[in-house]
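Enquirer: here's a sequence, model it:
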Amino acid sequence: MTDDLIGKEILGQFRIVEKIGRGGMGAVYKAEQPAMDRVVAIKILHQKLAGRKDLVSRFRREARAMSRLSHPNTVRVFLYGQLEETGQLYIAMEYLNGMDLAKHTRVEGPMNVQRAAKIMIQVLGALEEAHDVGVIHRDLKPENILLTTQGGIEDTPKVLDFGLAKIHDSKMRPGSMVLTRQGMVFGTPEFMSPEQARGEELDARSDIYSLGIILYEMITGRLPFPRCKPMEYITHQINTPPIPVTERRPELNIPKELNAIIGKALEKDKTHRYQSAAEFAQALQVLLPVEEQSGPMHAVPHVEKSVAQSRTSSNPSERRLSASGAHPASRRQRQGKGLVIALLAIIIVLLGVVAWLMLTMREPQSNPVVVPTSSMSPEKTASP
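Expert: Below you'll find the model as predicted:
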């Protein structure tokens, strides 16, 4: 890959500004997109590798996997395809300023436990969404988690590089190519799960193991096994129990609860690990202050989601509480009962009035004076 793209316009909408990274498969460039008034990052596959069907398939899979994800802690993909002039594959994604976790540990050393827990809970939220749609990352490591500030929120992690991501067979599109098969080992030895080191079929629990090692390093500044050559870590991942975090760095006074929390994530038998990213996140909540538990952008287990949804009404007016704390429906019921009672009282009063009038009309008048005509003599008239 040469730097001939610097200053050029590609795809009719991006102007390449500078190269910001490179790897075995290609390079990443910073580019401007004037029409959208934003800066993006464009990953371009090496031209010499464009004829490798396996690598092309891997690159396309990364783009498809990332384009299906919308969690705020996953890097956003805007566009992907193939350059017309050179045939090179590309992915245009959001440009991020920040420091990856590997560099953060090198520069600043071990991280405060609560801060590490809040960051990891957000990462687990991103992985929960990916796992829900059948995407397994398979190469989680500190270099693939970038800390940035977004929307004014510091310590916002972004999960990067789904280059080894596997879309589970049941979620794949018809005709998609499966790059890796059972018996082949891909990934980073220091952070791969035991089943990945053995070349076995992987599921979401493999990512959970990798995140357990990442959290271990974030808190202690070290890996959970004796220092050795990278390829020797494969043997450690399969056979060696991790050193408890409190024993790895006793001078840091790490809470003992982390021995059990991280220990469960690093179980050699995947059936003994957390069975989902949400379950791992829930375990980490106990490390946070009460007011910060289950806060914005935190991963929330499915059971909590379902409870929250069951409490949410489709009618906004039914979700509001009155000043007295009563639900509007209860208030309307009480108002209805009061109206019925009032109507009954009016009816009773009216009936009483009618009854009184009827009784009054039936009573005889009080002792009238009667002058019998038989007792009276006709008046005599004097004759003249």
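
Enquirer: list the contacts for residue 238?
Expert: 194, 197-198, 268 (C-beta atoms under 8 Å, 6 or more residues apart in numbering). In this view, the C-beta of every residue, glycine as well, is placed from N, C-alpha and C.

Enquirer: wasn't it part of a helix?
Expert: Yes. Under DSSP: H, G, I helix; E, B strand; the rest coil, residue 238 sits within a helix.

Enquirer: can you give me the buried ones in stretch 65-72?
Expert: Residues of stretch 65-72 classed as buried by neighbour count (16 or more other C-beta atoms under 10 Å): 65-69, 71-72.

Enquirer: and what of stretch 12-25?
Expert: Neighbour-count burial for stretch 12-25 flags 14, 16-17, 25 (criterion: 16+ other C-beta under 10 Å).

Enquirer: and stretch 275-291, by the same measure?
Expert: Within stretch 275-291, the residues that qualify as buried are 276-285, 287-288, counting by 16+ other C-beta under 10 Å.

Enquirer: go on, stretch 238-254?
Expert: Under 16+ other C-beta under 10 Å, the buried positions of stretch 238-254 are 240, 242-246, 248, 254.

Enquirer: cross these against helices and list the overlap.
Expert: Judged by DSSP state H, helices contain the following of those: 245-246, 248.

Enquirer: returning to that earlier point: quick one: the buried residues of stretch 275-291 as JSON lines, columns for secondary structure, distance to residue 82 and pLDDT too.
Expert: Formatted as JSON lines, those follow (DSSP: H, G, I helix; E, B strand; the rest coil; distance: C-beta to C-beta, whole Å; pLDDT from 0 to 100):
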{"residue": "276", "secondary structure": "coil", "distance to residue 82": "36", "pLDDT": "97"}
{"residue": "277", "secondary structure": "helix", "distance to residue 82": "33", "pLDDT": "97"}
{"residue": "278", "secondary structure": "helix", "distance to residue 82": "37", "pLDDT": "97"}
{"residue": "279", "secondary structure": "helix", "distance to residue 82": "40", "pLDDT": "97"}
{"residue": "280", "secondary structure": "helix", "distance to residue 82": "38", "pLDDT": "98"}
{"residue": "281", "secondary structure": "helix", "distance to residue 82": "38", "pLDDT": "97"}
{"residue": "282", "secondary structure": "helix", "distance to residue 82": "42", "pLDDT": "96"}
{"residue": "283", "secondary structure": "helix", "distance to residue 82": "43", "pLDDT": "97"}
{"residue": "284", "secondary structure": "helix", "distance to residue 82": "41", "pLDDT": "97"}
{"residue": "285", "secondary structure": "helix", "distance to residue 82": "44", "pLDDT": "95"}
{"residue": "287", "secondary structure": "helix", "distance to residue 82": "46", "pLDDT": "94"}
{"residue": "288", "secondary structure": "coil", "distance to residue 82": "45", "pLDDT": "92"}
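
Enquirer: now, among the residues you listed, which is nearest to residue 258?
Expert: residue 287 (7.6 Å; C-beta to C-beta).

Enquirer: so the closest residue to residue 242 other than its chain neighbours is in which element?
Expert: For residue 242, ignoring the flanking residues on the chain, the nearest one in space by C-beta to C-beta, 6 or more residues apart in numbering is residue 224 at 3.5 Å. Counting by DSSP states H and E, no helix or strand carries residue 224.

Enquirer: wait, isn't residue 224 in contact with residue 266?
Expert: Yes. Counting by C-beta atoms under 8 Å, residue 266 is a contact partner of residue 224 at 6.6 Å.

Enquirer: any common contacting residues for those two?
Expert: By the contact definition C-beta under 8 Å, 6+ apart, residue 224 and residue 266 are jointly contacted by 213, 216, 242.

Enquirer: how near is the residue nearest to residue 242 to residue 259?
Expert: 11 Å (C-beta to C-beta, to the nearest Å).

Enquirer: go on, residue 285?
Expert: Distance from residue 285 to residue 259, counting by C-beta to C-beta: 17 Å.

Enquirer: the more surrounded of residue 224 and residue 259?
Expert: Neighbour count, other C-beta atoms under 10 Å: between residue 224 and residue 259, residue 224 has more, with 22 against 15.

Enquirer: how about the more buried one, phi and psi?
Expert: phi -80, psi 10 (degrees, to the nearest 10).

Enquirer: other SSEs contacting the helix or strand in which residue 44 is found?
Expert: Following DSSP H and E, one finds residue 44 within strand 38-45. With contacts taken as 3 or more C-beta pairs under 8 Å, 6 or more residues apart in numbering; DSSP states H and E, strand 38-45 sits against strand 14-22, strand 26-33, helix 53-67, strand 89-94.

Enquirer: so which of the ones you listed is nearest residue 102?
Expert: Of all those, it is strand 14-22 that lies closest to residue 102, at 13.5 Å by C-beta to C-beta.

Enquirer: chain center to the closest one, what's the gap?
Expert: 31 Å (C-alpha atoms, centre = their mean, to the nearest Å).
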